[in-house]
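Colleague: Return a 3D structure for these sequence lines:
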Amino acid sequence: MADQLLEYKCPCCGGKIEFDSHIQKMKCPFCETEFEVETLKNYDTVLNDTTPTDLTWQSATGEDWSDGETDNMSVYVCNSCGGEIVCDDTTAATHCPFCGNPVVMMGKFTGALRPDYVIPFKLDKEAAKAALAAHLKGKKLLPKAFKTDNHIDEVKGVYVPFWLFNSDANAQISYRTTRVRTWSDRDYIYTDTSFYSVTRKGSLSFENIPVDGCSKVPNDLTESLEPFDFSQMVDFQTAYLSGYLADKYDVDAQQSVERANQRVCKTTENEFAATVTGYATVRTENVNIQLANGTSKYALLPVWLLSTTWNGQHFLFAMNGQTGKFVGNLPMDSGAFFKWLGGVAGAVSAAVLLILYLIWLL
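Modeller: Just a heads-up that it's a prediction; the model follows:
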């Protein structure tokens, strides 16, 4: 089992080396030796020769596990300390819980499972914590106790698996539109409404439409972290995973196609509708979109996940590990909300009374 784990060791002092997002290199925290990621490329050659081994589970007392009890679990032996690393069957990179060494499960990246590309982390854990603090500032309806009483349960940098789709969209969309002209004389106000049929026809090409391939992370959360800068995407190397967590996909490309197609079609409709201008009203009548030349790639994208607990509730936040975009839902102070609502209602009532008073003066 030990030969399934890949660990990066410093050739100078034997310490663990990890990918440093600040310098975009591998670095030993003990002797501070730095290594270019490319120099460790030969580590990845083992992926071509590695065949995952089926693991037989036994309890500490020697009793067999029940049928199906370990279906979604895997166990590995740390090369450094000999401790057992237990994880689910989608975990592809993690840390040994005993000695802290970063490890990569090589079998999760063999054959068809090997990613094509990776976007390396640009921002570290401290940046994620600072982003959470900034996210809480200026939120008037946020309970004051949330800032002081909640605590961060976990901050982890995760390479989330994504499918990147390319596609061409050939579309013809028709709209029902109106133009309105108004004029008046001493007695009447006249309105002339003209109706038009407008058609738009053309083609759009899409590249790198991302669809989350991990069922553990909600799609609305990962989509809120977009956009990623795919110009900084590089060929996959396991060295980028050292020091971070990583999952392999559990939603394959075929299962993700429908979501990608929905995103392509929605964007096409929005882009075409944006060209229909100069009308009083625009109503879509007919949409015909044909997709062609679809291809997909498998990539790992950097995400910081932060878990906090407050008042018995769990809150999940996420930060784009490349751009720093931060998202996450917050609790609301109901008392502060109704106070704010009362203030708004009072302001509206005052405005209405002022208008009625002015009308009465006239």
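Colleague: close enough to count as contact, Q172 and N288?
Modeller: Yes - in terms of Cβ atoms under 8 Å, Q172 counts as a neighbour of N288; the distance is 4.8 Å. For glycine as for every other residue, the C-beta is placed from the backbone atoms N, C-alpha and C.
Colleague: Give me the below-cutoff pLDDT ranges for the stretch 51-200 of the chain.
Modeller: 51-112, 141, 145, 147-150 (pLDDT under 70).
Colleague: quick one: which of Q172 and N288 has more around it?
Modeller: Shown here are Q172 and N288; by other Cβ atoms under 10 Å, Q172 has more neighbours (14 against 10).
Colleague: That one sits in which helix or strand?
Modeller: Using DSSP states H and E, Q172 sits in strand 151-184.
Colleague: That strand: which residues count as buried?
Modeller: 155, 157-167, 169, 171, 173, 175, 177 (16 or more other Cβ atoms under 10 Å).
Colleague: in the stretch 151-300 of the chain, which spans are strands?
Modeller: Listed in chain order, the strands of the stretch 151-300 of the chain (DSSP state E, counting those that start in this stretch) span 151-184, 189-212, 234-235, 245-247, 281-310.
Colleague: Pairing partners for the first one, with directions?
Modeller: By that I understand strand 151-184. Strand pairing for strand 151-184, using DSSP bridges, gives strand 189-212 (antiparallel), strand 245-247 (parallel), strand 281-310 (antiparallel).
Colleague: so which of these is the most packed in?
Modeller: Scoring those by mean neighbour count under mean count of other Cβ atoms under 10 Å gives strand 245-247 as the most buried, with a mean of 23.
Colleague: pLDDT (mean, whole number) over that strand?
Modeller: Averaged across strand 245-247, pLDDT comes to 80.
Colleague: same thing with stretch 314-325?
Modeller: The predicted model gives stretch 314-325 an average pLDDT of 91.
Colleague: Dump that stretch to PDB, restricted to CA.
Modeller: The C-alpha trace of stretch 314-325 is given here as PDB (Å, rounded to 0.1, in the frame of the first residue of the first chain):
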ATOM      1  CA  HIS A 314     -22.600  25.700  10.100                       C
ATOM      2  CA  PHE A 315     -21.500  28.200   7.500                       C
ATOM      3  CA  LEU A 316     -19.400  27.500   4.500                       C
ATOM      4  CA  PHE A 317     -17.400  30.200   2.700                       C
ATOM      5  CA  ALA A 318     -15.100  29.900  -0.300                       C
ATOM      6  CA  MET A 319     -12.400  32.000  -2.000                       C
ATOM      7  CA  ASN A 320     -11.000  31.700  -5.400                       C
ATOM      8  CA  GLY A 321      -7.400  30.700  -4.800                       C
ATOM      9  CA  GLN A 322      -6.200  32.500  -7.900                       C
ATOM     10  CA  THR A 323      -8.200  35.800  -7.900                       C
ATOM     11  CA  GLY A 324      -9.300  36.200  -4.300                       C
ATOM     12  CA  LYS A 325     -13.000  36.400  -5.100                       C
END
